[in-house]
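1. Here you go, sequence then predicted model.
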Amino acid sequence: MPIDRETQVVDCRESMGLDKGGGLAQRGTLSETGRPDVIAIAMTPGRRHITKPVCEVTHGLRREGIQVSVLVLFSGGGVPSDSKDAAIGRGPKFGLSEKEIEQINRHKLALIHLGNVKSHVIYKARDILRFVTIPAIIVCQTPVDFEDFAKIGVKTRVVNPEPDKVETQGTIVEIVTGITRGQTCSRDKLNEIVKDIISINPQKLATQGV
C-alpha cells in the first residue's frame, strides 16, 4: 500500500530469481502493488525471453507515482497454437492460466511487453486480450500498428475488426515500439510510456475484473 508520495510497498516474488533475465522473478510470479492500477506483463524468462527491461520500466513508472504490479507469465514462450501465420515450430506454446487471467483482470490497465517477431507479437496480444477485459498498452521492439492487430480480430482504440470478426474482449489503446528485449530502456521511450499511462489515467478507469 502507498505510504506517501514517494514510497510504494509491493508484495515480493513468490520464489527466487533465475540467472540472467530471471533477476526479476521466476515464471508464474506476481509482484502485486497495493493499488491495482497497472499490471506489467512479462513473458517467461529464458534464453530468448529476457525479462529486462520490464524491471526498468516498472521502476521508472513507480518513480513517477504510478502503481504497477508485475506478472511474469508461466507459459509466455512460443506462440499460441492457433497462430495461423506464425512460425509455430515444436517449441513451447504460449498460453494463459485461469489464475493469470484473474490476476490481470484485477487491475485497470495492462502493459504487455512483447518482442521483435511481428507475428508472435500480434498473436500473443490477441491471445491475452481474448480473456483479459481491461485496456492494454503494447510495448515491443518490432514496428507494429493498430491495423496489424485489427486484421487478426483484436479491438483497438483506432481501428476495429468487422463486428463478426472480433476475437478479443480487451482493447489495445496505445502502442510503444522500439523497446529492445534484454537492453536498457531509453529515457525517451520510458517517457513515452509514462505519458501514455498518465493520459489514460488508470485511477479513473473502472475495475473490470472479477
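-> Happy to help now that I have it. Source: prediction; values computed, not measured.

2. Mind telling me what element the residue most central in space within the chain is part of?
-> Most central in the chain under Cα atoms, centre = their mean is residue 112, positioned 1.5 Å from the mean C-alpha point. Here residue 112 is covered by strand 109-113, with elements defined by DSSP states H and E.

3. what about dumping the CA coordinates of the helix or strand following that strand to PDB?
-> Heading C-terminal from strand 109-113, the first helix or strand you meet, by DSSP H and E, is helix 118-131. Output of helix 118-131 as PDB, limited to C-alpha atoms (Å, rounded to 0.1, in the frame of the first residue of the first chain):
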ATOM      1  CA  LYS A 118       5.800  -9.300 -35.500                       C
ATOM      2  CA  SER A 119       3.700 -12.500 -35.900                       C
ATOM      3  CA  HIS A 120       4.500 -13.500 -32.300                       C
ATOM      4  CA  VAL A 121       3.600 -10.000 -31.000                       C
ATOM      5  CA  ILE A 122       0.200  -9.700 -32.600                       C
ATOM      6  CA  TYR A 123      -0.900 -13.300 -31.900                       C
ATOM      7  CA  LYS A 124       0.300 -13.200 -28.300                       C
ATOM      8  CA  ALA A 125      -1.500  -9.900 -27.700                       C
ATOM      9  CA  ARG A 126      -4.700 -11.400 -29.200                       C
ATOM     10  CA  ASP A 127      -4.500 -14.500 -27.000                       C
ATOM     11  CA  ILE A 128      -4.100 -12.400 -23.900                       C
ATOM     12  CA  LEU A 129      -6.900 -10.000 -24.800                       C
ATOM     13  CA  ARG A 130      -9.300 -12.800 -25.600                       C
ATOM     14  CA  PHE A 131      -9.600 -13.400 -21.900                       C
END
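
4. now the angle from helix 118-131 to strand 109-113?
-> 160 degrees (axes from the mean of the first three to the mean of the last three Cα atoms, to 10 degrees).

5. and helix 118-131, what's its mean pLDDT?
-> Taken as a whole, helix 118-131 has an average pLDDT of 94.

6. can you tell me the distance between the two ends of stretch 70-80?
-> From the first residue to the last, stretch 70-80 extends over 22 Å; the measure is Cα to Cα, to the nearest Å.

7. what ranges do the helices span in this protein?
-> Secondary structure of the chain (DSSP state H): helices located at 54-63, 98-105, 118-131, 146-150, 187-200.

8. Would you mind reformatting those helices (as TSV) and adding columns for mean neighbour count while you're at it?
-> (Each C-beta comes from the backbone N, C-alpha and C, glycine too.) Shown next, in TSV, are those (neighbours: other Cβ atoms under 10 Å):
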stretch	mean neighbour count
helix 54-63	19
helix 98-105	18
helix 118-131	23
helix 146-150	19
helix 187-200	16
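
9. closest one to residue 140 among those helices?
-> helix 118-131 (5.0 Å; Cβ to Cβ).

10. In its sheet, which strands sit next to the strand holding residue 112, and in what direction?
-> Using DSSP bridges, the strands paired with strand 109-113 in its sheet are strand 38-42 (parallel), strand 136-139 (parallel).

11. looking at those strands, which is buried most?
-> Among the strands paired with strand 109-113, judged by mean count of other Cβ atoms under 10 Å, the one packed with the most neighbours on average is strand 38-42 (a mean of 27).
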